[in-house]
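>>> When you get a sec, could you give me coordinates for this:
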Amino acid sequence: MNQTPAEGIKDHSFFYEGGDVGVLLIHGLTGTPVEMRFIGKGLHKAGFTVYGVQLPGHCGDEADLLATSWQDWVAGVEQALDALRGKVRTVFVGGLSMGAILSLHLAAKHPDKVDGLLLYGPTLRYDGWTIPWYSFLLKLLINTPIGHNYRFMEKHPYGIKDERLRRRVVQNMLSGNSADAGLAGTPARALREMWRLVAQVKKELPSIQTPALVLHAREDDVSSIANAYYIARHLAGPVDVSLLDDSYHMITVDRQRDQVLARSIEHLQRWCAQAEPRSGNLRIAAVS
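Predicted coordinates for the structure are as follows:
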């Protein structure tokens, strides 16, 4: 079931076999399948078959990441989607941060293969409260030597409100353990690939009729809730938005991960029980 990563990169994807409804989980840019494992185990316990994919170029070093493009990341999740569909009758796709954007792209490109979406902290742009106001200049400088060599370094609070978990993640990150904590910095050229993916997905949003659950932290330090609202307003299908009051960006591992899991299971079970997608537009709920 697992994909074969590039030479020298260990495969950290996971697969939990369950019932005939599957969930494909996608981590974020410079991230790792570990950030999706709690949700994956919980969904499996609820009876779902779960595949946590490892994106091409990830869980290695910076050179591995820079050797890939957004099209490579898409090809990786398409391969995972086809592998999962070969084992189940229904597939939902969920992702964190850029993983949510890749999930949207799959739904737009393969509407016959994606039955529902779980969008965790979707990130169209970096505009959270820790992002410097002048970050927009990077797009203007990206093709200069300064921009080309720039790295967006992770900094406090590292997307995590839970202090004990944050200490462990930071220790792994700074020790170079990218398989467990991701890279400590995101090179500008990788950001440029994400911008290109986002530009494509923004064009596709009005064509996506797949039912979607959007979970986003009110205090997201990386991407503000404006990202969630933008997506909800532009999708053609039904959307539920739930706002979390005690988490930062990494909602799949942070303080409210149990609520994230519970809301995900609730929506998956509801969608599975319906013969046809329900009508309606945006519903907003708070999760405390």
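>>> ok, Glu204 - contacts?
By Cβ atoms under 8 Å, 6 or more residues apart in numbering, the contact list for Glu204 reads 104-105, 108-109. Where you see a C-beta, it was placed from the backbone N, CA and C, and this is true even at glycine.
>>> Tell me the one of those nearest Val170?
Top of the list for closeness to Val170, among those and by Cβ to Cβ, is Leu104 at 29.9 Å.
>>> ok now do the residue nearest to the closest one when sequence neighbours are not counted, which residues does it touch?
Take Leu104 and drop its neighbours on the chain: the residue closest to it by Cβ to Cβ, 6 or more residues apart in numbering is Val201, 5.2 Å away. By Cβ under 8 Å, 6+ apart, Val201 lies in contact with 101, 104-105, 108, 124.
>>> now Leu165
253-254.
>>> that older thread, same list (the contacts of Val201) but as TSV, adding neighbour count, distance to His58 and pLDDT.
Compiled in TSV, the contacts of Val201 are given as follows (neighbours: other Cβ atoms under 10 Å; distance: Cβ to Cβ, whole Å; pLDDT from 0 to 100):
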residue	neighbour count	distance to His58	pLDDT
Ile101	26	15	98
Leu104	28	19	98
His105	24	17	98
Ala108	19	22	98
Leu124	23	20	98
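>>> Please, where are all the helices along this structure?
34-45, 62-66, 70-85, 98-109, 137-141, 145-148, 163-174, 178-181, 188-204, 226-234, 257-273 (DSSP state H).
>>> I'd like the ones you listed as JSON lines, with distance to Val241 appended.
Converted to JSON lines, those look like this (distance: least, Cβ to Cβ, whole Å):
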{"stretch": "helix 34-45", "distance to Val241": "18"}
{"stretch": "helix 62-66", "distance to Val241": "31"}
{"stretch": "helix 70-85", "distance to Val241": "23"}
{"stretch": "helix 98-109", "distance to Val241": "13"}
{"stretch": "helix 137-141", "distance to Val241": "28"}
{"stretch": "helix 145-148", "distance to Val241": "34"}
{"stretch": "helix 163-174", "distance to Val241": "25"}
{"stretch": "helix 178-181", "distance to Val241": "29"}
{"stretch": "helix 188-204", "distance to Val241": "18"}
{"stretch": "helix 226-234", "distance to Val241": "5"}
{"stretch": "helix 257-273", "distance to Val241": "11"}
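>>> Nearest to Leu215, out of those?
Closest among the helices of the chain, using Cβ to Cβ: helix 257-273, at 5.6 Å.
>>> And the contacts of the closest one?
Helix 257-273 has contacts (Cβ under 8 Å, 6+ apart) with 21, 23, 38-39, 42-43, 46, 48, 90, 92, 94, 115-116, 118, 120, 211, 213, 215, 240, 242, 244, 251-252, 277, 287.
>>> Please repeat the previous calculation with a cut-off of 6 Å.
Residues outside helix 257-273 that contact it (Cβ atoms under 6 Å, 6 or more residues apart in numbering): 21, 38-39, 42, 46, 92, 116, 118, 211, 213, 215, 242, 251, 287.
>>> contacting residues for Asp221?
128-130, 248-249.
>>> can you do 10 Å?
Contacts here follow Cβ atoms under 10 Å, 6 or more residues apart in numbering; on that basis Asp221 touches 126, 128-131, 155-161, 247-250.
>>> Show the backbone phi and psi for Val88.
Note on Val88: backbone dihedrals following degrees, to the nearest 10 are phi -130, psi 170.
>>> How many residues are close by the closest residue in space to it that isn't next to it in sequence?
Distances taken as Cβ to Cβ, 6+ apart place Gly22 nearest to Val88, at 3.6 Å, with adjacent residues excluded. Using other Cβ atoms under 10 Å, Gly22 has 27 neighbouring residues.
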